[in-house]
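J.: here are the coordinates; sequence isn't available:
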């Protein structure tokens, strides 16, 4: 029986590689803020990591959660060298 994996950042290049590598062994539930997620996932969610309601909704929707992978990164609103905008 496959385990359930929640992937934050499923629409990124790193997220796509994680999905391709692990989809044969895991039911992957993936989030995105912008962009599209490749179709090898059990379910996809639009998610803004700054909104706790989005996170609560996703966690409650997954029947059981075995693994969490975080490959998301917040949108940079200023110079990437200035960490004050995070």
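T.: That came through fine. Predicted model, so just to flag it, every value in this text is computed and none were measured.
J.: could you give the mean pLDDT of stretch 16-34?
T.: The average of the pLDDT scores along stretch 16-34 is 92.
J.: How about stretch 40-47?
T.: Mean predicted confidence for stretch 40-47 is 90.
J.: One more: stretch 66-83?
T.: 75.
J.: Do you have the helices of this protein handy? List them.
T.: 13-22, 52-61 (DSSP state H).
J.: So which elements touch the first one?
T.: The elements that helix 13-22 packs onto, with contact taken as 3 or more C-beta pairs under 8 Å, 6 or more residues apart in numbering; DSSP states H and E, are strand 3-8, strand 26-32. Heads up, the C-betas are built off the backbone N, CA and C, glycines and all.
J.: and the first one, which residues are buried?
T.: Taking 16 or more other C-beta atoms under 10 Å as the neighbour-count basis, strand 3-8 is seen to contain the buried residues 4-8.
J.: Looking at the residues you listed, spot the one nearest residue 30.
T.: residue 7 (4.5 Å; C-beta to C-beta).
J.: That closest one and residue 14, how far apart?
T.: 10 Å (C-beta to C-beta, to the nearest Å).
J.: what sits against the nearest residue to residue 59 once chain neighbours are set aside?
T.: Leaving aside its chain neighbours, residue 59 sits nearest to residue 65 (7.1 Å; criterion: C-beta to C-beta, 6 or more residues apart in numbering). If you count contacts by C-beta atoms under 8 Å, 6 or more residues apart in numbering, residue 65 has them with 4, 6, 59.
J.: ok, residue 17 to residue 69 distance?
T.: 11 Å.
J.: Those two: which is more packed in?
T.: Remark: of residue 17 and residue 69, residue 69 carries more neighbours, 19 against 11, as counted by other C-beta atoms under 10 Å.
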